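Q: Provided below are the primary sequence and the corresponding predicted coordinates.
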Amino acid sequence: MFEKRFEEYEKLNFEDVHSSILPYLAQLSGTIVDIGSGSGRDAAGLAEMGFNVIAIEPSHKLLEQAKSRHQSPNIKWLHGALPNIPNSLKNTSNDAVLLSAVWTYIRPDQRGEAMLSMSGMLKEGGYLFLSYRNKISSDCDQFYEATIEETSRCALAANLHFVKSFEEYDHMKRDNIYWNVLVYVKQISAKPNL
Ligand SMILES: C[S@@+](CC[C@H](N)C(=O)[O-])C[C@H]1O[C@@H](n2cnc3c(N)ncnc32)[C@H](O)[C@@H]1O
């Protein structure tokens, strides 16, 4: 289903789609993990901003298409899907994770584990940027509703603390669709002094 939408994803502009989080990105450097990287549009945008990018995508076909469209020495392309992640990424210390338009494809009973996986890839002080849309549309055959409350509960259980939320219009201009963009920061609670 996602493969045939490759060109539609590519038509969108990275800076427009992610305008809310650009001020956060501007303060960061290092490595960003783009999960559910789709056409590779965002991986390419981030690489152009100077980041090293690890792009993870479950569709082999999309991964191949993205790799050949966006050839950059600063992007590493990996096959994988939440809630599991490639072993090479477990317990790594990346600066941010981008989960753009993927959360509503993850079953609610797998979201806790998915958050733990994402948190496990972040260093302390690292950011998670997560966006999801409010409702299903005709172009999508799988959709699990999400709310800020449920998402933030899962996040907190993985030491990801809510920072800010934004509401965005749909850049594909579909009727009655809007987007929530959520920002979290990894903060491991201080251990009590014994
Ligand atoms: C709507 S597209 C968004 C693509 C890209 N992130 C963007 O913002 O343009 C959803 C993407 O999530 C991927 N996806 C679906 N289920 C996933 C999962 N469990 N883990 C990671 N990616 C997933 C799909 O293969 C597809 O590339």
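A: Ah, there it is.
Q: Where does the prediction get shaky in this protein?
A: Scanning the chain with the threshold set as pLDDT under 70 gives 138-140, 190-194.
Q: What strand or helix carries the residue nearest the centre of it?
A: Nearest residue to the geometric centre of the chain (Cα atoms, centre = their mean): Leu99, 1.0 Å. Using DSSP states H and E, the element containing Leu99 is strand 94-100.
Q: Convert the C-alpha atoms of that strand to CSV, please.
A: Output of strand 94-100 as CSV, limited to C-alpha atoms (Å, rounded to 0.1, in the frame of the first residue of the first chain):
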residue,chain,number,x,y,z
ASN,A,94,21.5,8.7,19.0
ASP,A,95,20.5,12.4,19.2
ALA,A,96,16.9,12.1,18.0
VAL,A,97,14.3,9.7,16.6
LEU,A,98,11.8,10.8,14.0
LEU,A,99,8.6,8.8,13.7
SER,A,100,6.6,10.6,11.0
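Q: helices and strands around the helix or strand following that strand, which ones?
A: Downstream of strand 94-100, the first helix or strand assigned by DSSP H and E is helix 111-120. Packing contacts for helix 111-120, counted by 3 or more Cβ pairs under 8 Å, 6 or more residues apart in numbering; DSSP states H and E, involve helix 148-157, strand 160-169. Where you see a C-beta, it was placed from the backbone N, CA and C, and this is true even at glycine.
Q: Mind doing that once more with 7 Å?
A: If contacts are counted by 3 or more Cβ pairs under 7 Å, 6 or more residues apart in numbering; DSSP states H and E, helix 111-120 sits against helix 148-157.
Q: got the angle between the helix it packs on and strand 160-169?
A: Relative orientation of helix 148-157 versus strand 160-169 (axes from the mean of the first three to the mean of the last three Cα atoms, to 10 degrees): 150 degrees.
Q: what about dumping the CA coordinates of helix 148-157 to CSV?
A: In CSV, the C-alpha atoms belonging to helix 148-157 read as follows (Å, rounded to 0.1, in the frame of the first residue of the first chain):
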residue,chain,number,x,y,z
ILE,A,148,-1.9,12.6,23.0
GLU,A,149,-2.7,11.1,26.4
GLU,A,150,-2.2,7.5,25.4
THR,A,151,1.0,8.3,23.4
SER,A,152,2.4,10.3,26.3
ARG,A,153,1.6,7.6,28.8
CYS,A,154,3.5,5.0,26.7
ALA,A,155,6.3,7.5,26.2
LEU,A,156,6.7,8.3,29.9
ALA,A,157,6.9,4.6,30.8
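Q: which helices and strands sit right next to the lengthiest strand in the chain?
A: Ranked by residue count, the top strand of the chain under DSSP state E comes out as strand 122-133. In terms of contacts (3+ Cβ pairs under 7 Å, 6+ apart), strand 122-133 is packed against strand 94-100, strand 178-186.
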